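Engineer: Need coordinates for the following:
(2 chains)
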There are 2 protein chains.
Amino acid sequence: MSGLPVVLAVDLGGTAMKGAVVREDGATMTESTLATPSDGILAALVELLGDLRRTAADDGHDVVGAGVATPGMLDEQRGLVYYASNLGWRDVPLLDILRSELHLPVAVGHDVRAAGLAERSSGAARGFGDFALVPIGTGVAAALVSSGGAVTGATGAAGEFGHIPVIPGGEPCTCGQRGCLEVYMSGAGVARRYRAAGGEALSTRRIVERLGDDPLADRVWSEALDVLAQGLNILTLLLDPGLIVLGGGVSHAGDALFAPLGERMSAGLAWRERPPVVRSALGGDAGRAGAALLAFDAART
Amino acid sequence: MSGLPVVLAVDLGGTAMKGAVVREDGATMTESTLATPSDGILAALVELLGDLRRTAADDGHDVVGAGVATPGMLDEQRGLVYYASNLGWRDVPLLDILRSELHLPVAVGHDVRAAGLAERSSGAARGFGDFALVPIGTGVAAALVSSGGAVTGATGAAGEFGHIPVIPGGEPCTCGQRGCLEVYMSGAGVARRYRAAGGEALSTRRIVERLGDDPLADRVWSEALDVLAQGLNILTLLLDPGLIVLGGGVSHAGDALFAPLGERMSAGLAWRERPPVVRSALGGDAGRAGAALLAFDAART
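Structural biologist: All right, here's what the predicted structure looks like:
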């Protein structure tokens, strides 16, 4: 028990389980990413954590806790996952299971909210008590931080920014609602709308590469920016964040995204300034970094 | 100093200053409401507080503090009002001024957020850590409460629910933006749209009285309900409140409001339930009751 204190951290996603052994200063000692199996996710997660623990012990570290960031709706205090569609989980007492398997202090957190805490601790939102992290990948989510605390909501379901209805009676969303933000602005949404309008089957990244040369790409992307600006202005007027951090694959669109988005946001606001909009500093590692923060919190209490 | 502890509480509005002497259990000992003057608001406020203090002393009470709820954008810790359009204020150090005038513990709070705290303490939201109070009067605002704390935002400007853009490129708002929620659903908005569509110059209350007999009233009110349902669903998906409390004059529309609003909200949500929507219990007294709560907090610290 004389080694450096470390935690086991896993960002549990529908396609991958990103694990690591992490030091208190945030440095990653070991990384291990595995494909998420379609069956037996819990067993695979416990096995990944066990492997990480052995590696840490072999390296002479002192494992003081474990943290898992999970998608879905959950009660973070009780570590109970009510529902996670891309894991096929319903009412899984994740915290209790991991505690009894690991005999360690364990924390369970929401993946996007954990990523938000990590961006605040060591990423793009350092020093901000009020900000939003908005990952734009296949779908769109948000971690909303108010006065330093993550907004979780009455049932752990806050932050569904991708499903706010921005276009009344708009195009149908896979979620069953109409006019959701991510119908128009998301990796899946832009690609789907481009194809539905007669374009090829291309990824959103490829569509963005065609901007300026392909009028259909220009139009679909412009509509996506309009909707994102509207959504971020809604978020700004409701929550008054000091900073908006964009993450996810779409945040790599660079100048095609940030400059026109900022212009549209400013054009939509008459009497208040928009907050700065920047790209995530931690990118795809933010969820796992957040899980490590939660694990150290659990180890201290 | 042997009397019952009381505070002086004022809800400072653009048209009226609602003052009272309030006991710690929330009971009102004396009330005094004055018209807000167009000039010399600060002097009139200090005078009202002085009158209330003398009355309290004459009645043998022990005045332990004072609280003022104010509209606008403000830093509640410093008691600095950055901007309050309907008071004509810009950068008014209200807390410092009142402290030096009164020589008492003083608190300054935002009117809608103070009303939210009062609804939580003794009104419709008792026991709720996550809820929203949405007063619908001439305009529309919101107090957003997350994990028991009011969301204030990075610049004290959170809660501008009336100005979220719900209809892209929609009708112009007096604020300079387009498609704001309160353009369609507010006391001023419904009356304006009814008249613009060829109706008489009627108050929103009178327009609601005509529902079922007046197709134009039916149409304008139905559009208002659509927009309010959209806005409350946005709020629900972002913040996951356990309860939504409607206040302001429009909340007295009763069955014409709550039943069709709830139906529209449920119709717009596919995969989560809507929170219950109820009417404010404290009504127009909520701001003053919140100012009294803040005053007792200040007296205790």
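Engineer: so where do the helices sit in chain A?
Structural biologist: With DSSP state H, the ranges of helices along chain A come out as A:41-58, A:94-102, A:111-122, A:181-184, A:187-196, A:204-209, A:215-239, A:255-268, A:286-300.
Engineer: Among these, show me which one is buried the most.
Structural biologist: helix A:181-184 (a mean of 29; mean count of other CB atoms under 10 Å in any protein chain shown). Using the backbone N, CA and C atoms, a C-beta is placed for each residue, glycine as well.
Engineer: Okay, the residue positioned nearest the centre of chain A and chain B: tell me how far apart.
Structural biologist: The residue lying closest to the centre of chain A (CA atoms, centre = their mean) is residue A:112, at 3.4 Å. Counting by CB to the nearest CB, to the nearest Å, the gap from residue A:112 to chain B is 13 Å.
Engineer: OK, contacts around that residue?
Structural biologist: Contact analysis of residue A:112 by CB atoms under 8 Å, 6 or more residues apart in numbering or on different chains lists A:71, A:133, A:135, A:141, A:142, A:143, A:159, A:287.
Engineer: Then residue A:48?
Structural biologist: With contact set as CB under 8 Å, 6+ apart, residue A:48 has these partners: A:10, A:17, A:19, A:32, A:34.
Engineer: Of all the helices of chain A, which one comes closest to residue B:266?
Structural biologist: Shortest distance between residue B:266 and the helices of chain A, using CB to CB, is found for helix A:181-184: 20.1 Å.
Engineer: sorry, back to before: pick the one among the contacts of residue A:112 closest to residue B:89.
Structural biologist: residue A:142 (33.3 Å).
Engineer: Number of residues surrounding the residue nearest to the closest one when sequence neighbours are not counted?
Structural biologist: Leaving aside its sequence neighbours, residue A:142 sits nearest to residue A:161 (CB to CB, 6 or more residues apart in numbering or on different chains; 3.6 Å). Using other CB atoms under 10 Å in any protein chain shown, residue A:161 has 29 other residues around it.
Engineer: picking up where we left off before, and of the helices of chain A, who's closest to residue B:75?
Structural biologist: helix A:215-239 (16.6 Å).
Engineer: Can you check what angle separates that closest one from helix A:255-268?
Structural biologist: 50 degrees (axes from the mean of the first three to the mean of the last three CA atoms, to 10 degrees).
Engineer: Next, the angle from helix A:215-239 to helix A:187-196.
Structural biologist: Put simply, helix A:215-239 runs at 140 degrees to helix A:187-196, going by the same axes, to 10 degrees.
Engineer: Tell me if helix A:215-239 is near chain B.
Structural biologist: Yes - legend: contact between helix A:215-239 and chain B by CB under 8 Å from any CB of the partner chain is shown at A:226, A:227, A:230, A:233, A:234, A:235, A:237, A:238, A:239.
Engineer: Counting neighbours, which bits of the helix or strand bottoming out on mean pLDDT in chain A end up buried?
Structural biologist: When the helices and strands of chain A are scored by mean pLDDT, DSSP states H and E, strand A:73-75 comes last with a mean of 90. Within strand A:73-75, the residues that count as buried by 16 or more other CB atoms under 10 Å in any protein chain shown are A:73, A:74.
Engineer: does any part of stretch A:148-157 sit near chain B?
Structural biologist: Yes - using CB under 8 Å from any CB, we find that stretch A:148-157 touches chain B at A:149, A:151, A:152, A:153, A:154, A:155, A:156, A:157.
Engineer: for stretch A:191-204, that is, sorry about that
Structural biologist: No - for stretch A:191-204, no contact with chain B is found by CB under 8 Å from any CB; the gap never falls below 15.8 Å.
Engineer: measure that stretch end to end?
Structural biologist: Counting by CA to CA, to the nearest Å, you get 5 Å between the two ends of stretch A:191-204.
Engineer: what does that stretch rub up against?
Structural biologist: Residues contacting stretch A:191-204 (CB under 8 Å, 6+ apart): A:171, A:183-184, A:186-188, A:190, A:207, A:210, A:214, A:216-217, A:219-220, A:223-224, A:249-250.
Engineer: switch to 6 Å and redo it
Structural biologist: A:187, A:190, A:207, A:216, A:220 (CB atoms under 6 Å, 6 or more residues apart in numbering or on different chains).
Engineer: can you list the residues of the stretch 51-200 of chain A near chain B?
Structural biologist: A:130, A:146, A:151, A:153-155, A:157-158, A:160, A:163-165, A:168, A:175-177 (CB under 6 Å from any CB of the partner chain).
Engineer: what's the answer for the stretch 201-301 of chain A, then?
Structural biologist: The stretch 201-301 of chain A comes close to chain B at residues A:230, A:233, A:234, A:237, A:239, A:240, A:242, A:268, A:270, A:271, as judged by CB under 6 Å from any CB.
Engineer: Make sure the third one is actually in contact with residue B:164.
Structural biologist: Same thing as residue A:234. Yes - with contact defined as CB atoms under 6 Å, residue A:234 counts as touching residue B:164 (4.5 Å).
Engineer: ok, now how distant is the closest residue to residue A:217 other than its chain neighbours from chain B?
Structural biologist: Spatial nearest neighbour of residue A:217, chain neighbours left out: residue A:210 (4.2 Å); criterion: CB to CB, 6+ apart. For residue A:210, the distance to chain B equals 25 Å [CB to the nearest CB].
Engineer: how far away is residue A:210 from residue A:300?
Structural biologist: 50 Å (CB to CB, to the nearest Å).
Engineer: And for residue A:14?
Structural biologist: 31 Å.
Engineer: ok, now residue A:249?
Structural biologist: For residue A:249 relative to residue A:300 (CB to CB), the value is 34 Å.
Engineer: which stretches of the stretch 101-250 of chain A have low pLDDT?
Structural biologist: Within the stretch 101-250 of chain A, the set of residues satisfying pLDDT under 70 is empty.
Engineer: Residue in the stretch 1-150 of chain A with the shortest distance to chain B?
Structural biologist: residue A:130 (4.1 Å; CB to the nearest CB).
Engineer: Could you double-check that that residue sits in contact with residue B:154?
Structural biologist: Yes - if you go by CB under 6 Å, residue A:130 and residue B:154 touch, sitting 4.1 Å apart.
Engineer: Now for residue A:93: which residues touch it?
Structural biologist: Residue A:93 sits next to residue A:80 when contact means CB under 6 Å, 6+ apart.
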